[in-house]
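Engineer: build me a structure from this.
(2 chains)
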Amino acid sequence: MRIADVLKWLLLVWLALTIVAAFFYVHPAEGFIGESSRIVFFHVPMAWIAVLAFLISCVASVRYLMRREPKDDIRAAVAAGLGLLFAVLATTTGAVFARIMWGAFWNWDPRQTSIAILLLIYAAYLALRGAVGDPERRASLSAVYAILAFVTVPFLVFVVPRIYWSLHPDTIINTRGANEFDPRYTQVLMASLAGFTGLFVWLYTIGCRIEAIRLRRHQEALDD
Amino acid sequence: MTDLAGIAVVTLMIWVGLFGYVYRLDRKLGRMED
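Structural biologist: Coordinates of the predicted model:
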């Protein structure tokens, strides 16, 4: 069995144990209604991966503009698509938490508003890719757009929610620069972050391979 | 079974199902690349 296969099976066990720990190893946090605090083990990794994916998309776009390699365009597109998927999952898990804690799925809280804007920005990236037929023009335009889109990410994810008063609980890295989580919460959250990051890397690799096959077949069809 | 255990079981089932789907896709891609 290859190392890659071992890692995949390890990921299955790792995230399964993390899910069990999220529900049975930690106690409900104080100040939260019922079991709602457990959603942090799924919500935070989704948000972290979305930001990581948008960063990868930006870096790949810069590389594309420098080298004009189709592989970089593929990397940027796959990362942006996955980033959007994980941002939707972060929004959904956040909305479930909001329903329990604040009484409504959507409250136009600064965090909810900023992630909604971010979703629209990256949905527009995919729409742009779908609207341009010529592959080289599509790659160039979407690379420039991805770089501009990422400029908004630190502002929308880290700055806006800290400027305005928010219902959202303190983040792990809060304004006081301290981790005030229960040690068990920190352990499970770190395990969850590691596991979901591993899942993202796997999905990203698969996405890039699918697009590479599609590109190769497209070029073969043009050659025939 | 409590609500919490039920949600945990459903979450586990979703994870195992997702893993199975992605693993099969991965292997299929491997065959296409050969």
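
Engineer: contact residues of chain A facing chain B?
Structural biologist: Within reach of chain B by C-beta under 8 Å from any C-beta of the partner chain, chain A has these residues: A:8, A:11-12, A:15-16, A:19-20, A:22-24, A:35, A:202-203, A:206, A:209-210, A:213. (Each C-beta comes from the backbone N, C-alpha and C, glycine too.)

Engineer: type out the PyMOL command that picks the buried ones from the residues you listed.
Structural biologist: Selection of the buried residues among these in PyMOL, burial being defined by 16 or more other C-beta atoms under 10 Å in any protein chain shown:
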select buried, chain A and resi 8+11+12+15+16+19+22+23+35+202+203+206+209
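
Engineer: just want the most central residue of chain A.
Structural biologist: residue A:50 (1.6 Å; C-alpha atoms, centre = their mean).

Engineer: my read: it touches residue A:87, true?
Structural biologist: Yes - between residue A:50 and residue A:87 there is a contact under C-beta atoms under 8 Å: 4.0 Å.

Engineer: now residue A:192: how far from residue A:159?
Structural biologist: To residue A:159, residue A:192 is 25 Å away according to C-beta to C-beta, to the nearest Å.

Engineer: more crowded one of those two?
Structural biologist: Set residue A:192 next to residue A:159 and count neighbours by other C-beta atoms under 10 Å in any protein chain shown: residue A:192 wins out with 24 against 11.

Engineer: thought the more buried one was touching residue A:18?
Structural biologist: Yes - here residue A:192 lies in contact with residue A:18, judged by C-beta under 8 Å, at a distance of 5.0 Å.

Engineer: list residues touching both of the two?
Structural biologist: Listed contacts common to residue A:192 and residue A:18 are residue A:41; contacts here mean C-beta atoms under 8 Å, 6 or more residues apart in numbering or on different chains.

Engineer: tell me which residue of chain A lies closest to chain B.
Structural biologist: Closest to chain B within chain A is residue A:23: 3.9 Å, counting by C-beta to the nearest C-beta.

Engineer: and the strand or helix carrying that residue, what does it pack onto?
Structural biologist: Element membership for residue A:23, per DSSP states H and E: helix A:3-24. Judged by 3 or more C-beta pairs under 8 Å, 6 or more residues apart in numbering or on different chains; DSSP states H and E, the packing partners of helix A:3-24 are helix A:40-67, helix A:183-223, helix B:3-33.

Engineer: closest to residue A:151 out of these?
Structural biologist: Nearest to residue A:151 among the helices and strands packed on helix A:3-24 is helix A:40-67 (8.5 Å), distances taken as C-beta to C-beta.

Engineer: from the middle of its chain, how far away would that closest one be?
Structural biologist: Centroid separation for helix A:40-67 versus its chain: 7 Å, with C-alpha atoms, centre = their mean, to the nearest Å.

Engineer: model confidence over that helix, on average?
Structural biologist: The pLDDT scores in helix A:40-67 average 96.

Engineer: in it, which residues are buried?
Structural biologist: Buried residues in helix A:40-67 (16+ other C-beta under 10 Å): A:40-54, A:56-65.

Engineer: contacting residues around the helix or strand bottoming out on mean pLDDT in chain A?
Structural biologist: The weakest-scoring helix or strand in chain A, judged by mean pLDDT, DSSP states H and E, is helix A:160-163 (a mean of 75). Contact with helix A:160-163 is made by A:110, A:111, A:113, A:114, A:168, A:175, as judged by C-beta under 8 Å, 6+ apart.

Engineer: count the residues that sit near residue A:105.
Structural biologist: If we define neighbours as other C-beta under 10 Å, then residue A:105 has 15 of them.

Engineer: so it makes contact with residue A:99?
Structural biologist: Yes - between residue A:105 and residue A:99 a contact is recorded at 4.8 Å, counting by C-beta under 8 Å.

Engineer: and for residue A:95, the neighbour number?
Structural biologist: Residues lying near residue A:95 (other C-beta under 10 Å) number 15.
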